[in-house]
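Chemist: quick one, what's the 3D model for this:
(one chain, ligands or ions: 1)
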Amino acid sequence: MAIKQLIEAPLVVVTNREPYIDERVAGGIRTIQTAGGVVSALDPLLQEIGGNWVAWGSGNADIEMSSGGQRQVPPERPRYTLNRITLSPEEVQGYYAKYSNQGLWPLSHMLIERAQFSRRAWQTYRSVNQKFAKRVSAVSPPGAWVFSHDYQLALFPAFVRKTRPDVTIAHFWHIPWPPLPIFRLCPQHQEILRGLLGADVLGFQSEQDVEYFLNAVERTLKTTVNRETGRIDWQGRSVHVKSFPISVDVNAIEAMVESPRIRRWVRGIRRHVDRRDQILGISVDRADYTKGLLPRLDAMKEFYTLYPQYRERVTYLQIVVPSRTEVAEYRRFYEQVEKKTQEVNQRFATNGWKPIITLPHSLDRPRLMGLFRAADFAVVSSLVDGMNLVAKEFVAAQVDKRGVLLLSETTGAANELEHESFPINPLDPEGFANTLHEALSISADERADRISAMRKHLEEHTIYDWMADIFLTLKMAAQSYV
Ligand code: GDG
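Modeler: Residues are numbered from 1 along each chain as shown. Below is the predicted model:
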């Protein structure tokens, strides 16, 4: 792997979620690898070069915290050290459920009415970030490169820098960065900025996020930023701020959907769909209000109303994976989705046909990619989304080039795929319905052309390019200290 050559120091990855979860099952312990783009990109890298991963140990505490919370992973072929941090139920509430997920998450997605902050939760968020920093300081070899992630760990970079000025830190912010009038509503906005500026490299998904971030630093910390270079002079150092749009591993997804098992699964689905002269649509989201699940159901209702010719023909499969069930609002949200789905189904279902089928659980990744391959269209209708990997995975899995992508204009992915996807405004149900009709009306050739163009873009901008770009910037930052 070319990336391996870029890495010139021991690597320490830091995330909120751990890459492997240990659970007790009848007859022993089961270790599951957690899904998601970052884990599937960084785990193979660490397996190849070794190193440390520090994360909250959210599985069975008795097992995970034995041997001091350190474990060699993957269990069947240990290659690197997973360092797990124990959090008490109060810490999980304050740091994770409250400050991160009820405060920073909605605020960053500009859904200000949902944002709630409390000083008590802030104190816990702060102390948990300190806990992460302490652990990372303890396990990092001299001169290590630390690659930390996301809004749960905004204070972490400055804490690490205090105790370990020898390490070089890159922090990647996966979600949008809001404009200043919104960001200022966070009562601790200055502390958040100071925490992040402890990093040497700060990565965001888009130029827009970078611009909003630089503006926040300039205006609230009264610091000068160099917009040409994206550098901020901060406490005698340079912080490099840049956009690094995250992506997917197109080849790995292609290999997955071409495996004999998945080819069989796709053939089976297609036979079923074609025999009934159906059109199959798909969406895959965590049950999160930012993903626009409720407005999407309104739009589907509108679609079947405005275009009755699609009744009994377009079947829409929504995979809604329960998420953040520690937060009451998320549990309520899930129920609302179920209720609205039932309403649409009751209105349009006929004997033997239901417009919307819900899969309320996660699927293994190869099968999920297989569904993307089999589908005639996919819908991504987030209200706001840092990137949205589902959109890119759908394109990567479409090796038969039959499908069309309806993509919300307000996702990071739209910056790259807006020309060949069908852009939608998630809050315009009639427009959405018209666009779906338009997308289903284009010729097979045009569908293939659009998918080919998007696949080409993704082949040239993979998750490995994302990592390489970040590590190159980190290397440059590390050298500027010498
Ligand atoms: C955050 C940002 C940004 C979903 N259901 C199943 C499953 N998934 C996988 C998808 C995809 C991932 O989860 C979801 O990623 P997204 O990017 O769509 O969204 P977030 O979770 O909100 O991620 C987002 C991302 O970070 C990366 O920077 O793009 O903007 O919000 O990979 O495939 N995977 C499996 N079964 C499921 O049922 N195996």
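Chemist: and stretch 23-31, average pLDDT?
Modeler: Stretch 23-31 carries an average pLDDT of 82.
Chemist: list the buried residues for that stretch?
Modeler: For stretch 23-31, burial by neighbour count (16 or more other Cβ atoms under 10 Å) applies to residue 31. C-beta: built from backbone N, CA, C; applies to glycine.
Chemist: end to end on it, go ahead and measure it.
Modeler: This stretch, stretch 23-31, spans 6 Å end to end (Cα to Cα, to the nearest Å).
Chemist: ok, now stretch 450-469?
Modeler: Here the two ends of stretch 450-469 are set 27 Å apart, with distance taken as Cα to Cα.
Chemist: which residues touch that stretch?
Modeler: 1-3, 6, 37, 40-42, 45, 244-251, 392, 395-396, 398, 401-405, 416-417, 419-421, 442 (Cβ atoms under 8 Å, 6 or more residues apart in numbering).
Chemist: these also near the ligand: which ones?
Modeler: Among the contacts of stretch 450-469, proximity to the ligand is found for 37, 246 (Cβ under 6 Å from any ligand atom).
Chemist: emit the ChimeraX select command for whichever of the contacts of stretch 450-469 are buried.
Modeler: Buried residues among those (16+ other Cβ under 10 Å), as a ChimeraX selection:
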select :3,6,37,40,41,42,45,244,245,246,247,248,249,250,392,395,396,398,401,402,403,404,405,416,417,420,421
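Chemist: can you flag which of the contacts of stretch 450-469 belong to strands?
Modeler: Under the assignment DSSP state E, those contribute 404, 405 to strands.
Chemist: whatever helix or strand residue 342 lives in - what's its average pLDDT?
Modeler: Assigned by DSSP states H and E, residue 342 belongs to helix 328-348. Looking at helix 328-348 alone, the average pLDDT works out to 92.
Chemist: same check, this time on stretch 120-139
Modeler: Summarised as a single mean, pLDDT over stretch 120-139 is 98.
Chemist: can you pull the buried residues of whichever helix or strand residue 475 is part of?
Modeler: Secondary structure assignment for residue 475, by DSSP H and E: helix 463-479. Using 16+ other Cβ under 10 Å as the burial criterion, the residues of helix 463-479 that qualify are 463-471, 473-475, 477-478.
Chemist: cool, and stretch 154-163?
Modeler: Using 16+ other Cβ under 10 Å as the test for burial, stretch 154-163 gives 154, 155, 156, 157, 158, 159, 160, 161.
Chemist: take those and keep only those in helices.
Modeler: Mapping the buried residues of stretch 154-163 onto helices (DSSP state H) picks out 156, 157, 158, 159, 160, 161.
Chemist: tell me where the stretch 251-400 of the chain has strands.
Modeler: Under the criterion DSSP state E, counting those that start in this stretch, the stretch 251-400 of the chain carries strands at the ranges 279-286, 314-321, 356-359, 377-380.
Chemist: most tightly packed of those?
Modeler: strand 377-380 (a mean of 26; mean count of other Cβ atoms under 10 Å).
Chemist: that one - contacts with which helices or strands?
Modeler: Contacts defined by 3 or more Cβ pairs under 8 Å, 6 or more residues apart in numbering; DSSP states H and E place strand 377-380 against strand 279-286, helix 389-397, strand 404-408, helix 429-441.
Chemist: go with 7 Å
Modeler: Contacting strand 377-380 under the criterion 3 or more Cβ pairs under 7 Å, 6 or more residues apart in numbering; DSSP states H and E are the following elements: strand 279-286, helix 389-397, strand 404-408.
Chemist: how about these in a markdown table, adding mean pLDDT and distance to residue 334?
Modeler: Shown next, in a markdown table, are the helices and strands packed on strand 377-380 (pLDDT from 0 to 100; distance: least, Cβ to Cβ, whole Å):
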| stretch | mean pLDDT | distance to residue 334 |
| --- | --- | --- |
| strand 279-286 | 96 | 10 |
| helix 389-397 | 97 | 18 |
| strand 404-408 | 98 | 21 |
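Chemist: which residues does stretch 147-163 contact?
Modeler: Stretch 147-163 is contacted from outside by 11, 13-16, 38, 96, 100, 104-105, 108, 126, 129-130, 132-133, 136-137, 146, 167, 169-175, 191-192, 194-199, using Cβ atoms under 7 Å, 6 or more residues apart in numbering.
Chemist: filter these down to the buried ones.
Modeler: Among the contacts of stretch 147-163, those classed as buried by 16+ other Cβ under 10 Å are 11, 13-16, 38, 96, 100, 104-105, 108, 126, 129-130, 132-133, 136-137, 146, 167, 169-175, 191-192, 194-199.
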